[in-house]
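> Here is the input, now give the coordinates:
(chains A and B, ligands or ions: 2)
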Amino acid sequence: MSDVAISAVDLTKKFGDFTAVDHVSFEVKKGEIMGLLGPNGAGKSTAIRMLSTLSLPSGGKATVAGFDVVKQDAKVREHVGLVSEKMIMYDELTARENLKLFGKLYDIPTDVLDKRIGKLLEFVRMEQWADHRIDTFSTGMKQRINVIRALVNQPEILFLDEPTLGLDPQSTAEIRELVRRINIENGTTIILTTHMMIEADMLCDRIGIMDHGKIVALDTSANLKKRITGTDTTLFEFEIPNLTQGIVSSVKSLGSVKSVTQDDPTHVKVSSAGADSFDVLIDTFRKDGAQIRTVRNLEPTLEDVFLHITGHEVRDSVSKPSTPAHRGGPNGFRPKNRVR
Amino acid sequence: MGVERVLRHSAWICWKDLLEFSRSKMRVVMLVLMPLFMMVMVGFIFPTGSTIKDQPVALANQDLAVNNVSMGDAFVAQLNAVNAETGILKLSNATGFDDIKAMIQDGKISGGIIIPSNFTADILAGKQGTITIMTDQSNPQTSMMVETVLTEVVDQLGTQIAMTNLNRTYNISLAEAPAVLNPYSVHQTGIVPGNPNYFEFVAPGIMAMVVMMSLMTGLPHAISYEKDMGTLDGMLVSPTSRWAIILGKVLAQTTRGLIQGFIILLLSVVLFGVVIHGSILLVVLLIFLTVFGFVGLGILITSFADKEETATMVMMTLMFPMMFLSGVFFPIQQMPSFMQTLANFLPLTYAASAMRKVMVLGAGMGAILTDVLVLFVFGAVMLTIAVPMFKRAMNR
Ligand SMILES: Nc1ncnc2c1ncn2[C@@H]1O[C@H](COP(=O)(O)OP(=O)(O)OP(=O)(O)O)[C@@H](O)[C@H]1O
Ligand SMILES: [Mg+2]
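Ligands and ions are numbered 1, 2, ... in the order given. Sure thing, here's the model as predicted:
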């Protein structure tokens, strides 16, 4: 038995002539939690839909739990669970009825299923709500049921597409804890997408950053951070009240500078390499007449890495002139909300 | 995937759908109200002879009595007697032609009657007494009704006077007089007892239509709704087959259609006095045949409609012509001939006609064989087209 749970080779999805997922290749080991980060429209959900057999790849190959997602889709389905962006639950049904329906679609015998449903409800501390209708629940309670719904078939592999979308901090923490427990207690392999860097940092063994349909970086959080800081690379934050675009671009043009990101009109983060990098930066700023008020030496966050890799350009925005033509997609602008 | 497994899964999906349905009060209420509204509505908006009542009509009696005998008064008395029974007219008085004309123009009355001054004199002189009937030409429907009623009264009165005259002049007994005056008489009878009733015409058609609607609108709606909500993904990501999903939905919709069909049956018998003359078993069989006839079309629409809006639009475009051209509300025979040709291509025509023949006329299988065959062939052809289309549409 190999220790690979998921492998994708040149996996591609096209919608018309728009490529949503573009020759993506990666492997996920058994028991691993892999995170997928990426701006809106990067292709994370599309990738997950292909791996969970909901969407047919336009090219490439993927195996999940050892089965080909195209040729052995029925086999794949038996071994995966899916929490998608929209909750998969029927509002008028109770929690137990929902779990029962989905359990029955996996041909689980009634006695086994009943016991399993009891255990799952216990797992998320929802036993006393088992026979209440979903539409009487808070979003956090709904999502707990939605997650255990994806576990009725005891999947080896679990796909979680933005599982904490629209939840309050308490429920978010609860779901994260749940994800960790599912992974540890059952050894479940998990692919998780999120827009929250902390979440990816906390939960994932490795993080893939997707942009324009491609995986542009895939590594552990620590290794990703080393891209902007390392043995000889340092991340500084300067506060400059009279900051101008001209100043920023002359810093950018320095050979030692790896990335420049600007969060607000007076702060600029610069990652720079070399023993004399600080002196070089100060000299450049002074030459351009910048008045430096404060300087800090920063520990890089995943967010810094993310912005460094994907840039500041707003995605999926129809009005943005710098947006490449192919990037509109039919639902170009898509404000997202947890549905139901 | 085994047939048994598909059936088992579809039963669970049907269970889920019906449970969802039964928990939504609004939908349950609509299930009962929709057929009730439809029956009441069509029952009242389509005029039948007996529904015209209290038509305002003015009467100008200018007749001058001769020797204290006034044939005009006798006519008015007779008119009142007939009207007391039917209640069709609401009589008022007028002075003459100009007066009536003004009242019609004002829209106060829908017709007028003028008995001329020489009415009695003419009759006593052995001449014909002439009565003038004025009608509102701007409303042909009512004026035709008023004209019919008045003509009938005039006719009856005339016959009565003629009989008296025959008796007096030729000594023919009053019992024999009708045969002398009118050698032919028409007797009308239906093939089943009772008077024809509009509900009897419309109830079977509505039943067929409701079954058709539950498959043609209910099915695509159920699937596209789940697609939009994202719950369909939950079923698609499980190892169940796409056939179990569609079959489960078909079962749920059929159950709904059946319930609605029976509500209509019950309403028409209990509230609207419809008498069912045929076999209930054959009616049930026909309902199932209608389900079979339309299930393919429903699946076909489902495969074309990837969003709820699209589904609704496609359905409406197909449903309206079906509703109005299939002889559910108006008899096909009353339509212009090209419409009749069109109606012959609509499967609902056959479903409604077969249902009507069985329910109203007590027809057996032999009499509806053509309808049954057409429905069956249509259903089979539609399924043959729909199955691969659905497969393709659901193919990720
Ligand atoms: N069924 C579809 N038909 C056409 N285009 C699609 C379809 N599904 C997705 N797309 C497009 O593919 C691109 C990638 O979408 P996807 O949902 O995978 O992005 P994502 O990374 O999950 O974004 P988000 O963070 O907003 O969830 C988007 O531009 C989207 O508009
Ligand atoms: Mg997404």
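
> same question for the longest helix along chain B, mean pLDDT?
What stands out as the longest helix in chain B, according to DSSP state H, is helix B:140-170. Averaging pLDDT along helix B:140-170 yields 79.

> same thing with stretch B:380-392?
Here the average pLDDT along stretch B:380-392 is 88.

> list the buried ones in it?
Within stretch B:380-392, the residues that count as buried by 16 or more other Cβ atoms under 10 Å in any protein chain shown are B:382, B:383, B:386, B:387, B:389, B:390. All C-beta spots, glycine's among them, are computed from the backbone N, C-alpha and C.

> These into TSV, with extra columns for distance to ligand 1?
Compiled in TSV, these are given as follows (distance: Cβ to the nearest ligand atom, whole Å):
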residue	distance to ligand 1
B:382	28
B:383	28
B:386	23
B:387	24
B:389	19
B:390	18
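
> Just send those residues back as TSV, with secondary structure too.
Formatted as TSV, the buried residues of stretch B:380-392 follow (DSSP: H, G, I helix; E, B strand; the rest coil):
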residue	secondary structure
B:382	helix
B:383	helix
B:386	helix
B:387	helix
B:389	helix
B:390	helix
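
> from those residues, which is closest to residue B:137?
Comparing those against residue B:137 with Cβ to Cβ places residue B:382 closest, at 49.4 Å.

> Now the closest one. Nearest residue, chain neighbours left out?
Closest residue in space to residue B:382, ignoring its immediate chain neighbours: residue B:296 at 2.8 Å, by Cβ to Cβ, 6 or more residues apart in numbering or on different chains.

> Could you measure from that neighbour over to residue B:303?
Separation of residue B:296 from residue B:303 (Cβ to Cβ, to the nearest Å): 11 Å.

> which residues do these two both contact?
Common neighbours of residue B:296 and residue B:303, using Cβ atoms under 8 Å, 6 or more residues apart in numbering or on different chains, are residue B:386.

> what's near enough to touch residue A:240?
So residue A:240 contacts A:247, A:266, A:267, A:268, A:285, A:290, A:291, A:292, A:293 (Cβ under 8 Å, 6+ apart).

> The same query, at a cut-off of 6 Å, please.
When contacts are counted by Cβ atoms under 6 Å, 6 or more residues apart in numbering or on different chains, residue A:240 is found next to A:290, A:292.

> From residue A:287, how far out is it?
Distance from residue A:240 to residue A:287, by Cβ to Cβ: 13 Å.

> how many neighbours does the residue in the stretch 51-200 of chain B that ligand 1 sits nearest to have?
The nearest approach of the stretch 51-200 of chain B to ligand 1 comes at residue B:199, 48.9 Å away (Cβ to the nearest ligand atom). Counted with other Cβ atoms under 10 Å in any protein chain shown, the neighbours of residue B:199 add up to 20.

> Now it. Nearest residue, chain neighbours left out?
Excluding its sequence neighbours, the residue lying closest to residue B:199 (Cβ to Cβ, 6+ apart) is residue B:272, at 4.0 Å.

> end-to-end on stretch A:184-203?
End-to-end distance for stretch A:184-203: 11 Å, by Cα to Cα, to the nearest Å.

> what about it and chain B, any contact?
No. Using Cβ under 6 Å from any Cβ of the partner chain, stretch A:184-203 stays clear of chain B, with a minimum separation of 13.8 Å.

> Check which residues of that stretch are buried.
Using 16+ other Cβ under 10 Å as the test for burial, stretch A:184-203 gives A:188-197, A:199-203.

> Now, the residues you listed that are in strands?
A:189, A:190, A:191, A:192, A:193 (DSSP state E).

> Okay, and residue A:21 sits in which element?
Taking DSSP states H and E as the definition, residue A:21 sits inside strand A:18-29.

> Would you list the strands that that strand pairs with, along with their directions?
Sheet pairing of strand A:18-29 (DSSP bridges) gives strand A:4-15 (antiparallel).

> Would you mind getting the angle between whichever strand or helix holds residue A:48 and strand A:18-29?
Following DSSP H and E, one finds residue A:48 within helix A:44-51. Computed by axes from the mean of the first three to the mean of the last three Cα atoms, to 10 degrees, the angle separating helix A:44-51 from strand A:18-29 equals 70 degrees.

> who's in contact with the helix or strand following helix A:44-51?
Next along the chain after helix A:44-51, taking DSSP H and E as the criterion, comes strand A:59-64. Contact with strand A:59-64 is made by A:6, A:7, A:8, A:9, A:10, A:11, A:12, A:51, A:69, A:76, as judged by Cβ under 6 Å, 6+ apart.

> Only the buried residues of strand A:59-64, if you could.
Using 16+ other Cβ under 10 Å as the test for burial, strand A:59-64 gives A:60, A:61, A:62, A:63, A:64.

> What of stretch B:313-322?
Quick answer for stretch B:313-322 (16+ other Cβ under 10 Å): B:314, B:315, B:318, B:319, B:322.

> Could I get the CA-only coordinates of it as CSV?
The C-alpha coordinates for stretch B:313-322 follow below in CSV (Å, rounded to 0.1, in the frame of the first residue of the first chain):
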residue,chain,number,x,y,z
MET,B,313,-39.4,29.6,-18.2
VAL,B,314,-39.2,26.5,-20.3
MET,B,315,-42.1,24.9,-18.3
MET,B,316,-44.3,27.9,-18.7
THR,B,317,-43.8,28.0,-22.4
LEU,B,318,-44.8,24.4,-22.7
MET,B,319,-47.6,24.5,-20.1
PHE,B,320,-49.8,27.3,-21.3
PRO,B,321,-50.6,26.0,-24.8
MET,B,322,-51.1,22.6,-23.2
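
> where does it sit relative to the chain's centre, distance-wise?
20 Å (Cα atoms, centre = their mean, to the nearest Å).

> Residues in contact with it: which ones?
Applying Cβ under 6 Å, 6+ apart, the external contacts of stretch B:313-322 come out as B:216, B:217, B:301, B:305, B:346, B:348.

> what do you get for stretch A:202-216?
A:19-22, A:24, A:32-38, A:42-44, A:179, A:200, A:217-218, A:220-221, A:309-310.

> among those residues, which are in reach of ligand 1?
With the criterion set as Cβ under 6 Å from any ligand atom, the members of these near ligand 1 are A:20, A:38, A:42, A:43, A:44.

> So among those residues, where is pLDDT lowest?
residue A:38 (91).

> and that one, how many residues sit next to it?
Per other Cβ under 10 Å, the neighbour tally for residue A:38 reads 26.

> Now it. Nearest residue, chain neighbours left out?
Residue A:38 sits nearest to residue A:210 (Cβ to Cβ, 6+ apart), 3.4 Å away.

> Number of residues surrounding that neighbour?
Counted with other Cβ under 10 Å, residue A:210 comes out at 25.

> measure it to residue A:306 for me?
Taking Cβ to Cβ, one finds residue A:210 at 11 Å from residue A:306.

> Next: residue B:339.
For residue B:339, the distance to residue A:306 - Cβ to Cβ - is 66 Å.

> Between those two, which has more neighbouring residues?
Neighbours were counted for residue B:339 and for residue A:306 using other Cβ under 10 Å; residue A:306 has more, 22 against 14.

> so where do the strands sit in chain A?
For chain A, the strands defined by DSSP E cover A:4-15, A:18-29, A:33-37, A:59-64, A:67-68, A:80-83, A:157-161, A:189-193, A:206-211, A:214-219, A:233-239, A:257-264, A:267-273, A:294-298.

> tilt between the second one and strand A:189-193?
The one in question is strand A:18-29. Orientation of strand A:18-29 against strand A:189-193 (the same axes, to 10 degrees) gives an angle of 150 degrees.

> in strand A:18-29, what counts as buried?
Of the residues in strand A:18-29, those buried (16+ other Cβ under 10 Å) are A:19, A:20, A:21, A:22, A:24, A:26, A:27, A:28.
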